[in-house]
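[1] give me the fold of what follows.
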Amino acid sequence: MYSPPRPTPQPAVFSLMRAALRGDGNLLDLLPGSAYSMDIGPLGWSRRSTIIVNRPDLVRHVLIDAEARFPKSDLMVQALAPLIGDSIFVSSGDAWRRQREMVDPALSMMRIGRAFPAMAAGVADCASALSARCDGEAFSLDLLMSHLTADIICRTVFSTRLDEGAAHEVFDAFTIFERSVAQVEIRRLVMDKAWTEVPQKPDVLAACATIRSHIGALLGSSQSDADDIAGALAQAHDSDGRGFTREELIDQLGVLFLAGHETSASALTWVFFILASQPGAVARIRAEVFEQCGRDEISFEHTKKLAYTRNVFREAVRLYPPITFLPRVALEDCDIGGRKVRRGALVIVAPWVLHRHTKFWRRPDVFDPDRFLPEREAEITPGAYIPFGIGPRICAGAAFASIEAVLIIARLIRDFDFHLDAASNVRPAARLTTRPVKQVQCRVTRRSAP
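    Numbers count the residues shown, from 1 in each chain. Below is the predicted model of the structure:
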């Protein structure tokens, strides 16, 4: 049984010391070993009360939030404001409902039947680029997946390709943003009071400006009446007849662009990292793909039949959920599952923890795609698997991301072998998404048809 890298669980005080000594903002290092077995409880020591909620019914209570007591945390809102403003990902209340009313019709254009040709074209171009890299030279797996998924989302949202130079700049800017944004500083998480205003560093603001400038350029080259998501958002109006301003459009498109590519890129980086050391899983994927598709182009209908390939992706996002933490803040004193929660407390739902919880999973740290077989469904606790969230804020692109991943895995694994450089040095980090601490270096060789 293969257990991919994870932080070694420690008592709370040692977890805090580990995170402080490393000083790299990796929030996984803060998690005490007790987090993986408790239903609800404190997440170590901090000046601001911080609790983690693991019991599935309580998770639903917090995330569905029928009484509007638990909006997105102030830390997350402040962290993302320079990047995506008060957009649908972080807004609450009436602002969120207005935006959702305007955005939902545009999101219908992400339906798979409509979007699949853009996916297939992006994957085909990636395969061609990989063919030119079969000379044994190492490259960044993280960057490859970021470029591929950004290109696909650009084709879907803006009806245009993302050139490689822009993809590199966006990737580098988001890396700076994740590593340096003030809200992931351990000192602030532990010592600051609730709703403390946190200034951002100049390099973070510059990174946000770089990303927004690329989105603005894509918006500028798009036609406002184009039959794509950007065009639909440009034409959207609320019940009072008001549309989005240009900056608001960049906010909303920034959510779609980053949520549509950064989270998928994170997940796929872990998929290919795992598969590079699991020849048995690779052989099963190839056998399935050749049985269903042969050497033909992989169609949308084919992807529905690639059950094992889909389960590999499902297991990878169980072990490495793209959004590691879903932080909320309590707006008032309240009770969660019999536990008193003070106003201003951070209420953390952590897919990373929930997906590795000892009460809900057998061998939780082991890579086992077959745990998602129909005959083993009874092993999975309902509500313990939430890679795309739950409730009204569930990821609207979940189906898009799943089919995209199956297509990418099937096509690239069928045609290429991936080889890792220094695999033992790879460890995960959680800041805003779940990424390797350092970029994963790999090589590819072309695989001949059987």
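[2] mind checking how far residue 296 is from residue 290?
    Remark: distance between residue 296 and residue 290 (CB to CB, to the nearest Å) = 10 Å. Bear in mind the C-beta positions are built from the backbone N, C-alpha and C, glycine included.
[3] my guess is residue 77 contacts residue 89. True?
    No - with contact defined as CB atoms under 8 Å, residue 77 and residue 89 do not form a contacting pair (9.5 Å).
[4] what about these two, which has more around it?
    residue 89 (22 against 18; other CB atoms under 10 Å).
[5] pretty sure the more buried one contacts residue 80?
    Yes - using CB under 8 Å, residue 89 is in contact with residue 80, at 6.9 Å.
[6] pull the number of nearby residues for residue 239.
    Residue 239 - counted by other CB under 10 Å - has 8 other residues nearby.
[7] could you check how far the nearest residue to it once chain neighbours are set aside is from residue 90?
    Residue nearest to residue 239 in three dimensions, not counting chain neighbours: residue 101, with 7.1 Å by CB to CB, 6 or more residues apart in numbering. From residue 101 across to residue 90, the span is 17 Å (CB to CB).
[8] who has more neighbours out of the two?
    Higher neighbour count among residue 101 and residue 90: residue 90, with 22 against 13, using other CB under 10 Å.
[9] contacts only, for that one.
    Counting by CB atoms under 8 Å, 6 or more residues apart in numbering, residue 90 touches 72, 76, 77, 80, 81, 84.
[10] next one: the lengthiest helix in the chain to chain centre, how far?
    The single longest helix within the chain, with elements called by DSSP state H, is helix 246-275. Centre-to-centre, helix 246-275 and its host chain are 7 Å apart (CA atoms, centre = their mean, to the nearest Å).
[11] which residues of the stretch 201-350 of the chain fall in helices?
    Secondary structure of the stretch 201-350 of the chain (DSSP state H, counting those that start in this stretch): helices located at 202-221, 229-235, 246-275, 279-293, 300-304, 307-319.
[12] output the ones you listed as TSV; include the columns mean neighbour count.
    Formatted as TSV, the helices of the stretch 201-350 of the chain follow (neighbours: other CB atoms under 10 Å):
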stretch	mean neighbour count
helix 202-221	17
helix 229-235	22
helix 246-275	23
helix 279-293	16
helix 300-304	16
helix 307-319	22
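[13] closest one to residue 138 among the ones you listed?
    helix 246-275 (14.0 Å; CB to CB).
[14] follow-up on the earlier one: for the residue nearest to residue 239, helix, strand, or coil?
    Look at residue 101: counting by DSSP: H, G, I helix; E, B strand; the rest coil, its state is helix.
[15] any weak-confidence spans in the protein?
    13-14, 16, 19-25, 45, 109-110, 182-190, 222-226, 448-450 (pLDDT under 70).
[16] would you map the strands across it?
    Applying DSSP state E to the chain gives strands spanning 40-42, 50-53, 139-140, 326-329, 334-336, 339-341, 346-349, 416-420, 428-430, 434-436, 441-446.
[17] ok, residues contacting the shortest one?
    Yep, that's strand 139-140 we're talking about. The contact list for strand 139-140 (CB under 8 Å, 6+ apart) reads 133, 439, 440, 441, 442, 443.
[18] how about 7 Å then?
    133, 439, 441, 442 (CB atoms under 7 Å, 6 or more residues apart in numbering).
[19] what count of nearby residues applies to the residue lying closest to the last one once chain neighbours are set aside?
    If the residues on either side of it in the chain are set aside, residue 442 comes closest to residue 141, at 4.7 Å by CB to CB, 6+ apart. Summarising burial for residue 141: neighbours were counted as other CB under 10 Å, giving 27.
[20] tell me the spacing between the residue nearest to residue 399 when sequence neighbours are not counted and residue 404.
    Of all residues beyond its chain neighbours, the one nearest residue 399 is residue 112 (6.1 Å), with distances taken as CB to CB, 6+ apart. Remark: distance between residue 112 and residue 404 (CB to CB) = 9 Å.
[21] out of the two, which sits in the busier spot?
    A side-by-side neighbour count of residue 112 and residue 404, using other CB under 10 Å, places residue 404 first with 31 against 15.
[22] wait, the residue nearest to residue 442 sits on residue 443?
    No - contact criterion CB atoms under 7 Å: residue 141 and residue 443 do not qualify, at 9.8 Å.
[23] doesn't residue 51 make contact with residue 41?
    Yes - taking contacts as CB under 7 Å, residue 41 lies within contact range of residue 51: 6.4 Å.
[24] comparing these two, which residue is more hemmed in?
    residue 51 (19 against 14).
[25] contact partners for that one?
    If you count contacts by CB under 7 Å, 6+ apart, residue 51 has them with 40, 41, 42, 43, 341, 345, 347, 348.
[26] which among the residues you listed end up buried?
    Buried residues within the contacts of residue 51, counting neighbours by 16 or more other CB atoms under 10 Å: 40, 42, 43, 341, 345, 347, 348.
[27] need the residues you listed in JSON lines (columns: distance to residue 368).
    Output for these, formatted as JSON lines (distance: CB to CB, whole Å):
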{"residue": "40", "distance to residue 368": "27"}
{"residue": "42", "distance to residue 368": "31"}
{"residue": "43", "distance to residue 368": "27"}
{"residue": "341", "distance to residue 368": "35"}
{"residue": "345", "distance to residue 368": "35"}
{"residue": "347", "distance to residue 368": "31"}
{"residue": "348", "distance to residue 368": "26"}
